[in-house]
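Student: sequence first, then the predicted structure:
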Protein chains: 2
Amino acid sequence: MAPKPDQPELFNPSPPPSELSDEERIACLRLIRSENVGPVTFRDLINYYGGAAKALEILPTLSRRGGSGRPIRICPKADAEREFATAARIGAMPFFTVERDYPQVLAGIEAPPPMLYVKGDLDLLKRPSIAIVGSRQSSAAGMQLTRLFASQLAEAGFVIVSGLARGIDKAAHEASLGSGTIAVVAGGIDWVYPPEHAELQARIGSEGCLVTERPPGLKPRDRDFPRRNRIIAGLVYGVVIVEAAARSGTLVTARYANELGREVFAVPGHPLDPRAEGTNRLIKQGATLVTDVSDIIEVLQPILGLEDRRSDLASQTPAPAPAQPLPAPTLEMASEDVLNAVLTALGPAPVATDAIARQTGLNVQAVQVALLELDLAGRIERQGQSLVALKATAI
Amino acid sequence: MAPKPDQPELFNPSPPPSELSDEERIACLRLIRSENVGPVTFRDLINYYGGAAKALEILPTLSRRGGSGRPIRICPKADAEREFATAARIGAMPFFTVERDYPQVLAGIEAPPPMLYVKGDLDLLKRPSIAIVGSRQSSAAGMQLTRLFASQLAEAGFVIVSGLARGIDKAAHEASLGSGTIAVVAGGIDWVYPPEHAELQARIGSEGCLVTERPPGLKPRDRDFPRRNRIIAGLVYGVVIVEAAARSGTLVTARYANELGREVFAVPGHPLDPRAEGTNRLIKQGATLVTDVSDIIEVLQPILGLEDRRSDLASQTPAPAPAQPLPAPTLEMASEDVLNAVLTALGPAPVATDAIARQTGLNVQAVQVALLELDLAGRIERQGQSLVALKATAI
């Protein structure tokens, strides 16, 4: 069961982002909406099997080989077409991670959302941005400071990103409508939430930019709010937390920002003010204390400077070559032996793909193909890009 | 003009603290109250010339040799006796730096006040202490937090030190009267200031401890308030700043605390609250953000632990030998050549004693004796222990 020494170069983990044909887009959407296809599986399927259409073809086989007792549920073409038609009617554009126009800062995070719906001024997604978020039960002083920071950061060239929630988020959007504001929402782009922000949401959809990973018309589920917060953290260079209670959704955004290597800025407050409990703790944990916009710009300037130099370099060098044609489809699959070896190496505690390869003596690519099959069969759970565990129900 | 190679060992910069006779105390007080005798000169005179009485004897000669055009003003014995009589009447005890009972933490700083008057429970000065200081225009929340911190730090074993000012200082003293409070005042111990704290000052003088470096009966001058703040910082392991405006006396205490290597703790506040401007800035500059007493204890515990081990060691080793008899008086003085060489090396910008020695080729002791003479002649200014400059009027 030694790894095949001269396995062909099937694996191209990050091909240059391409422009997709309408047909390939439909296939991408179907893939995302199919059973057991998460962000990592989506990317791996497209990369390993030469595009979404080819991946759709091979999906049933992979799932069956991974050990699923029943056929995998694949999103029907009609459903995908209907979703896109609805999106087009409400003015929402889909962007897939494999596309050039997908926001590049977000594309760089671990397991980015495979697709975003975006409505409004798409150019805002290309400018450097910073998030301002905070309590829904905000104080008057917190609202005032948010408006001040939002307009001063806008003057410094930043697009303001927030979550369209009551309180701080609302103040951040309102103060940056004229200069550039992006609202990431937890439900469909056309799902109005909270109800009293209907007009603000509509204005952002035309003057600013609305972003979500949820299909049109869908009400947000509880789990969509932390996912929304992760997208906010992923889209920006830094997150400014204006007010946050001890256990609040705002702190979830701060945690994601930390995990994704974003700068975290926190506004201090009096220890007896419960709205400052979260921000003061963030400062103790290493967030930058912010009383003034210059505190933020001082930290971000070097990062932006790097970006500027990078785009200077880009403008001096020839434009990147057009997307390479994807590699020819292949029906490369894991052998029964490989599958069993990988299954034996897995347990309820997450392990890294590398560790599985070392333990089984297989090469990493063989392990990845086996994991793809097990994933599609609904037998494993992924954590981030490289950690994987057996599903509780599968043990 | 080479340094004498076998100069006798005249210089014993820190002899063990001694118990002074009444006569030696009077001499010490006269020395302090004489013209041009600051903390460094006081210590050097006593150390180099074998005690205060001998130093008084040699003072006129040294000053004349340093180049003073007129006789140095020496405090008459009657004046010193009268001051001590007044102090005794109001219950104030004098402690000199050269005495064992002078607070040891304060004695360790650069240029400690040569003498303190102390009234009340002297044992409080031997316990580990922490300062809580802040705005006179304090907020209700600031007062509440001060009382909470003071009582919780008292429970943790700390004596609370503050400056008897309105606002935060008052709350800190009131909350720690029962457990141990030290008030450092800027005027004489019997000078009531501010007037509305008369009763509190009296209670601290009996139940707690009052400390000042000013003689009885004297109203504080403007310059006595920063001096008071330096004593506060010098007496403690750490300083907690509860509220402080941008330019405030409280920040002077924080600056001294930093200079003296004390821990600085600051309570954050909302950026739009002017009372938090100073504390937020301190945190940006590296002060520990404090929302809870545990934040303070966590930092100070290791320092206190060291102290505990030190006193454990002390209790295992024999008691320190009684103070050595001071070395025999000597009329060792700087030669004219040495004086001129040192004068030439001096300018309006402060230089270190070492640098003068290097520049002149003299040994450090010879330079120090020359500086002592120049200081007594009123021709130089000292900054800290080792920096020295020509006085503007002497240039």
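Tutor: Noted; the coordinates are in hand.
Student: so which bits of the stretch 151-300 of chain A are right by chain B?
Tutor: Within the stretch 151-300 of chain A, the positions near chain B by CB under 8 Å from any CB of the partner chain are A:267-273, A:276-277, A:280-281, A:283-284, A:289-292, A:295. Every C-beta, even on glycine, is put in place using the N, C-alpha and C of the backbone.
Student: which helix or strand contains whatever residue of the stretch 1-150 of chain A ends up closest to chain B?
Tutor: Using CB to the nearest CB, the closest approach of the stretch 1-150 of chain A to chain B is made by A:A141 at 4.9 Å. Element membership for A:A141 (DSSP states H and E) is helix A:140-155.
Student: and A:V388, what helix or strand is that in?
Tutor: strand A:387-390.
Student: what residues of that strand count as buried?
Tutor: For strand A:387-390, a neighbour-count test (16 or more other CB atoms under 10 Å in any protein chain shown) marks A:388-390 as buried.
Student: strands of chain A, start to end?
Tutor: Per DSSP state E, chain A carries strands over the ranges A:93-96, A:115-120, A:129-133, A:159-162, A:181-184, A:209-212, A:238-241, A:263-266, A:288-289, A:351-352, A:380-383, A:387-390.
Student: quick one: low-confidence parts of chain A?
Tutor: Along chain A, the model assigns pLDDT under 70 to residues A:1-18, A:305-332, A:393-395.
Student: find the nearest non-adjacent residue to the closest residue to chain B within it, please.
Tutor: Taking CB to the nearest CB, chain B has its nearest neighbour within chain A at A:P268, 3.4 Å off. Excluding its sequence neighbours, the residue lying closest to A:P268 (CB to CB, 6 or more residues apart in numbering or on different chains) is B:P268, at 3.4 Å.
Student: may I see the buried residues of stretch A:288-304?
Tutor: For stretch A:288-304, burial by neighbour count (16+ other CB under 10 Å) applies to A:288-291, A:293, A:295-297, A:299-300.
Student: still on that earlier bit, check contacts around the residue of chain A closest to chain B.
Tutor: A:276, A:279-280, A:283, A:289-291, B:268-271, B:276, B:280, B:283, B:289 (CB atoms under 8 Å, 6 or more residues apart in numbering or on different chains).
Student: so which of those belong to helices?
Tutor: Among those, the ones falling in helices (DSSP state H) are A:279-280, A:283, B:280, B:283.
Student: need those in a markdown table with distance to B:V118 and neighbour count, can you?
Tutor: Putting the ones in helices among the contacts of A:P268 into a markdown table (distance: CB to CB, whole Å; neighbours: other CB atoms under 10 Å in any protein chain shown) gives the following:
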| residue | distance to B:V118 | neighbour count |
| --- | --- | --- |
| A:T279 | 43 | 33 |
| A:N280 | 38 | 29 |
| A:I283 | 39 | 24 |
| B:N280 | 35 | 29 |
| B:I283 | 34 | 24 |
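Student: coming back round to it: of all the buried residues of strand A:387-390, which comes closest to B:V240?
Tutor: A:A389 (46.9 Å; CB to CB).
Student: count the residues that sit near A:A140.
Tutor: A:A140 has 8 neighbours, counted by other CB atoms under 10 Å in any protein chain shown.
Student: for the helix holding A:A141, the distance to its chain's centre please.
Tutor: Its chain's C-alpha centre and that of helix A:140-155 lie 27 Å apart, by CA atoms, centre = their mean, to the nearest Å.
Student: now the ones in helices among the contacts of A:P268 in a markdown table, with distance to A:A349?
Tutor: Putting the ones in helices among the contacts of A:P268 into a markdown table (distance: CB to CB, whole Å) gives the following:
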| residue | distance to A:A349 |
| --- | --- |
| A:T279 | 34 |
| A:N280 | 34 |
| A:I283 | 33 |
| B:N280 | 43 |
| B:I283 | 40 |
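Student: tell me the contacts of A:A27?
Tutor: Going by CB under 8 Å, 6+ apart, A:A27 touches A:51-53, A:55-56.
Student: restrict those to contacts with chain B.
Tutor: Near chain B, by the rule CB under 8 Å from any CB, you find none of those.
Student: between the two ends of stretch A:136-144, what distance do you get?
Tutor: 14 Å (CA to CA, to the nearest Å).
Student: so how far is it off the chain centroid?
Tutor: 29 Å.
Student: then stretch A:245-257?
Tutor: Centroid separation between stretch A:245-257 and its chain, computed with CA atoms, centre = their mean, is 17 Å.
Student: over to stretch A:146-163?
Tutor: Using CA atoms, centre = their mean, the offset of stretch A:146-163 from its chain centre is 22 Å.
Student: what's the answer for stretch A:207-216, then?
Tutor: Centroid separation between stretch A:207-216 and its chain, computed with CA atoms, centre = their mean, is 13 Å.
Student: now do the buried residues in that stretch.
Tutor: A:208-216.
Student: ok, those residues vs A:A370, which is closest?
Tutor: Nearest to A:A370 among the buried residues of stretch A:207-216, with distances taken as CB to CB, is A:E213, at 27.9 Å.
Student: distance-wise, check the closest one relative to A:L106.
Tutor: Using CB to CB, to the nearest Å, A:E213 is found at 10 Å from A:L106.
Student: what touches both of those two?
Tutor: Common neighbours of A:E213 and A:L106 (CB under 8 Å, 6+ apart) are A:113, A:116, A:231.
Student: list the residues that contact A:Q152.
Tutor: A:V293 are the contacts of A:Q152 under CB under 8 Å, 6+ apart.
Student: hmm, back to that, the residue of the stretch 1-150 of chain A closest to chain B touches B:G269, doesn't it?
Tutor: No - distance between A:A141 and B:G269: 10.5 Å, which falls outside the contact criterion (CB atoms under 8 Å).
Student: look at these two and report which has more neighbours.
Tutor: B:G269 (28 against 18).
Student: give me the neighbour count for the closest residue to that one other than its chain neighbours.
Tutor: Excluding the flanking residues, the one nearest B:G269 by CB to CB, 6+ apart is B:A276, at 2.4 Å. If you count neighbours by other CB under 10 Å, B:A276 ends up with 28.
Student: related to what we said a few turns ago, and for the strand holding A:V388, what are the contacting residues?
Tutor: A:343, A:346-353, A:356, A:371, A:379-383.
Student: could you redo the last one with a cut-off of 7 Å?
Tutor: A:346-353, A:371, A:379-383 (CB atoms under 7 Å, 6 or more residues apart in numbering or on different chains).
Student: one more: stretch A:51-70?
Tutor: By CB under 7 Å, 6+ apart, stretch A:51-70 touches A:23-24, A:27-28, A:30-31, A:34, A:45-46, A:49, A:71-72, A:74, A:326, A:329, A:331, A:333-334, A:339, A:372-374, A:376-379.
Student: buried among those? Make that a PyMOL selection.
Tutor: To isolate the buried ones among the contacts of stretch A:51-70 in PyMOL, judged by 16+ other CB under 10 Å, type:
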select buried, chain A and resi 24+27+28+30+31+34+45+46+49+72+74+326+333+334+339+372+373+374+376+377+378+379
